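In: Structure for this input, please:
(chains A and B)
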Number of protein chains: 2
Amino acid sequence: MARRQRKIPMVRKTNYGQLHHALGPQSVLSEDNVAQIHENALHVLQELGISILLPEARELLKSAGAQVQDHMVHFPRDMVENALQTAPKRYTMRAPDPDKDQEIYLGRQLFASSGGCPNAYDRIRGRRPGDLESYREAIQLQQSFDIIHKLSPAPEPQDVPNHLRHLAMVETQIANADKALAIYARGRAQVYQMFELIQSALGISEDEFRANPYCSTVINTNSPRLIDNPMAQGLIDFARAGQLTIVTPFCLAGAMAPITVAGALTLQHAEALAGITLAQTASAGAPVMYGGFGSNVDMKSGAPAFGTPTHMQMTLGSGQLARHIGLPWRSAAGAASNTHDMQAASENTMAIMATAMAQATLTLHTAGWLEGGLTFGYEKFINDIEVLQILGHFSKGVDQSAAAMSLDPITEVMPGGHFFETGQTMERYGSEFYDPLVADLSNFGTWEAAGSIPSQERATSLWQARLTEFTPPSGCAERLGRMAARLAQMREARGAPILD
Amino acid sequence: MARRQRKIPMVRKTNYGQLHHALGPQSVLSEDNVAQIHENALHVLQELGISILLPEARELLKSAGAQVQDHMVHFPRDMVENALQTAPKRYTMRAPDPDKDQEIYLGRQLFASSGGCPNAYDRIRGRRPGDLESYREAIQLQQSFDIIHKLSPAPEPQDVPNHLRHLAMVETQIANADKALAIYARGRAQVYQMFELIQSALGISEDEFRANPYCSTVINTNSPRLIDNPMAQGLIDFARAGQLTIVTPFCLAGAMAPITVAGALTLQHAEALAGITLAQTASAGAPVMYGGFGSNVDMKSGAPAFGTPTHMQMTLGSGQLARHIGLPWRSAAGAASNTHDMQAASENTMAIMATAMAQATLTLHTAGWLEGGLTFGYEKFINDIEVLQILGHFSKGVDQSAAAMSLDPITEVMPGGHFFETGQTMERYGSEFYDPLVADLSNFGTWEAAGSIPSQERATSLWQARLTEFTPPSGCAERLGRMAARLAQMREARGAPILD
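Out: Just a heads-up that it's a prediction; the model follows:
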């Protein structure tokens, strides 16, 4: 019963913890062409094949009916179709605190912060390689905002040696947060250690662990058409342990994928289906998420671009393909800008709004991403959280009750008057509207008198305050205590190596 | 034939000049409640009435069947329904250059810059009262980007006396631009002078002028339930001259409108229908646009907020109401921020994306708005143009041709390879992707070596270059010449007074 503790309820106007999309999904492809892209992806899988570097994965697929030649695996159509039958359409992503559990199915709207950033940046300490301190701070910031529904691994704690880093990352999540955990698949030895630690921390048996995903990992294919060793092993290990793989080709049109949206989506779809099929072959019914993260590169420099028309179109197309196969899916926002400026804000906001249009189940990289993911920015994180909260409030929908529709206020107020004092306003003024986090709504004179501070600078004191005031949620110490001995043993035994 | 000149075609990858929405319209209200809000608005018009200050307008409405008591006008239901029958669902908004004409109907996607800003701001000259120089520069900037489809009046040229200002504003538009003209309805005397000047400049007869809208004006009701003298007179004068009125209540929920989205939309709808009915009563068939510009105020300070959940919800609800009555409609983006910062970018981007979700026909205030419309910002204009262009490129849709869907590139490229050199990429690399205006996609080191300049600062040299290089489009000098004599006479005769 360790997971069933009482907590002090948060005082907040809007409950961002459990969101559903308010709008219907939008389309950029005809239904015929969605079906055609699916067909083309099946053709790619069967006729062209996917290069899978891990012999164990090839053996597994071969024994399940795939044709294997050297490292190339050709997937028969029915094998892929069977995998799509066994992949669950609905499951619960468990969190250390059961109140933070998230039901995963098409129609849910979940957000995660930033993944994979090697560097950190803030206005006080500047740009620096990610370290355990910035990783811990980012976990604390993610924990501080209910609009973030699961944890993400960034910045990378580069000051911790590779063989111990996975332990530090799990420890830091368990010590500071109660939301769904995110770990890396960098080889079986590390993954098994983390699975064991999570079971210890949560006080659950191996059977309980297997029954629901208590952690997730992002599986990136090496587009085009290649799955490397740690990714293939991760697919197998997570599936067999009942843990969640988010199978996401990162298809940058014009570079690692065809230059057209339709072509890039075809490649993405084929690779995602290959990963899903490997997971389902390893363990039928294992929780998986279809992943789509596509954008374009700048054709002058080859640099990735985000928040572009191509990014938005691929997001909407990914949603169509996910719905075609009926699976919950993961999308991504993001920004290419090198700093917390208007470019960064617009890029990320457009990308986030596209995920609302596309009805993405889970969107990653929604807060803090800079430089196309190379840096986690603290001030950008705060400004991005504002956008997410606005969208979260929007997703609560419009009050269409009789009280909200009432003509009484209009009847009460004379022409040219105001509504500040109507009964309806008095009842609702504290809760009707979104309450800004970093936005400053004061007039120019007031803002100027306060120092003419732009939002990216105001954000500094906001993240500082969140970190200064941070207290781990209840249960963290207990969970940490339960895993402490085993963690110490693992450290003593020099952790575990990564798999290249 | 003065309007049929040849021009040098622009070299641009994406044709932003003629846009249609790529996505279907989204809903925040049930269809039943859309119908109910329409019914409620008819009830407000009939039972509560609208205060119309102009005796001439009351007389006109009375003779058409309205009940009038003092300044209050009660609109019978069938009078409003008749007006909605005669209001055209489709018309052409003419521009000085016929190539810039815009067909107006539900499904079109048009953008305008900033209206009504008393002040101007840029990083070189700072914040200052709008003057004729900044007004001219703003017209030139609007002319410089095809994604702006009609002109908007801002910043306000406060250095020109009131009785001559309308002349200077028309002259500046004619002298620098060839897009659809925008003028203010500040009283009959001024309006008639501007109509006459536009006819002279375009070399068209009064009958030709009447046959199509060659200029437009925004009619703002004084919410709640009041139409003032210049607005009522403008509705009559524009309607009788066949010119376009954009009837837009500015309903800030919690202040000039009920605090709920449903209530604020009800008031907006009633007021818009009142204005449309007055225009149709003055001249059945006159071109009108339904207007929705609603957001909320900050309940702590009463300050208007933009890019909020309420703003987006009112935008989507306005679209539903416009489609319910079948009329093309005008929406608005906007930002409350006092400077060109991340807040400003996010506010405006969210608001713009909501207009795409809402399928707004024409969106105003999309570029340059700061301080809730009190200031036109040059750097913000440039950054906002980027967002509009991205959305415009997005609206071109996804290429679903056989060539775009082709599996050839995927077949050509080996696993782990790249697509930079496929035939498909080589054919399309110059045109497939959006080409950034102010976004910097270079890596951190390159960006840092170039001075670590954020997008809001990079924008300065961009607007400076546009203004330095600005040449009026062909035909301007000719149009200006045709109106010069009459303009001089009007100035000699001390212009015309405004109507309070």
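In: how about the nearest residue to A:Pro454 once chain neighbours are set aside, what does it touch?
Out: Excluding the flanking residues, the one nearest A:Pro454 by Cβ to Cβ, 6 or more residues apart in numbering or on different chains is B:Asp341, at 3.4 Å. Quick note: C-beta positions are derived from backbone N, CA and C, even for glycine. Neighbour list for B:Asp341: A:342, A:454-456, B:456 [criterion: Cβ atoms under 8 Å, 6 or more residues apart in numbering or on different chains].
In: cool, and A:Gly319?
Out: Counting by Cβ under 8 Å, 6+ apart, A:Gly319 touches A:25-26, A:292, A:329, A:331, A:358-360.
In: repeat that with 6 Å
Out: Contacts for A:Gly319 (Cβ atoms under 6 Å, 6 or more residues apart in numbering or on different chains) come out as A:25, A:358-359.
In: still on that earlier bit, ok, which pair from the contacts of B:Asp341 is furthest apart?
Out: Pairwise distances across the contacts of B:Asp341 (Cβ to Cβ) peak at 11.3 Å, for the pair A:Ser455 and B:Gln456.
In: Between those two, point out the one with more neighbours.
Out: A:Ser455 (28 against 25; other Cβ atoms under 10 Å in any protein chain shown).
In: How much space separates that one from B:Gln343?
Out: As judged by Cβ to Cβ, to the nearest Å, A:Ser455 and B:Gln343 stand 4 Å apart.
In: ok, now A:Asp408?
Out: Separation of A:Asp408 from B:Gln343 (Cβ to Cβ): 35 Å.
In: Neighbour count: those two, which is higher?
Out: Between A:Asp408 and B:Gln343, B:Gln343 has the larger neighbour count (other Cβ under 10 Å), namely 29 against 13.
In: Wait, the more buried one touches B:Ala335, no?
Out: No - B:Gln343 lies out of contact with B:Ala335 (Cβ atoms under 6 Å); the separation is 7.3 Å.
In: anything in contact with each of those two?
Out: Common contact partners of B:Gln343 and B:Ala335 (Cβ under 6 Å, 6+ apart): none.
In: and the residue nearest to A:Ala182 when sequence neighbours are not counted, how many residues sit next to it?
Out: Distances taken as Cβ to Cβ, 6+ apart place A:Leu151 nearest to A:Ala182, at 4.7 Å, with adjacent residues excluded. With neighbours defined by other Cβ under 10 Å, the count for A:Leu151 comes to 28.
In: Show the contacting residues for A:Leu151.
Out: A:142, A:173, A:177, A:179, A:181-182.
In: just the residues you listed now: which is nearest B:Met194?
Out: Nearest to B:Met194 out of the contacts of A:Leu151 is A:Gln142 (Cβ to Cβ; 56.6 Å).
In: can you pick the most crowded of the contacts of A:Gly319?
Out: When neighbours are counted by other Cβ under 10 Å, A:Ala358 leads these with 28 neighbours.
In: how about the residues of the stretch 251-400 of chain A near chain B?
Out: A:254-255, A:258-263, A:267, A:296, A:298-299, A:303, A:305, A:308-310, A:312-313, A:336, A:338-339, A:341-343, A:345-346, A:349-350, A:353, A:371, A:383, A:387, A:390, A:393-394, A:398-400 (Cβ under 6 Å from any Cβ of the partner chain).
In: Tell me which of those fall in helices.
Out: Members of those lying in helices (criterion: DSSP state H): A:261-263, A:267, A:309-310, A:312-313, A:342-343, A:345-346, A:349-350, A:353, A:383, A:387, A:390, A:393-394.
In: Do you have the strands of the stretch 151-300 of chain A handy? List them.
Out: For the stretch 151-300 of chain A, the strands defined by DSSP state E, counting those that start in this stretch occupy A:181-182, A:215-219, A:226-227, A:244-247, A:250-253, A:288-291, A:293-297.
In: Kindly reformat the ones you listed as CSV containing mean pLDDT, distance to B:Asp207 and mean neighbour count.
Out: As requested, these are exported to CSV (pLDDT from 0 to 100; distance: least, Cβ to Cβ, whole Å; neighbours: other Cβ atoms under 10 Å in any protein chain shown):
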stretch, mean pLDDT, distance to B:Asp207, mean neighbour count
strand A:181-182, 98, 70, 26
strand A:215-219, 98, 67, 26
strand A:226-227, 98, 70, 24
strand A:244-247, 98, 66, 28
strand A:250-253, 95, 53, 28
strand A:288-291, 98, 61, 29
strand A:293-297, 96, 51, 27
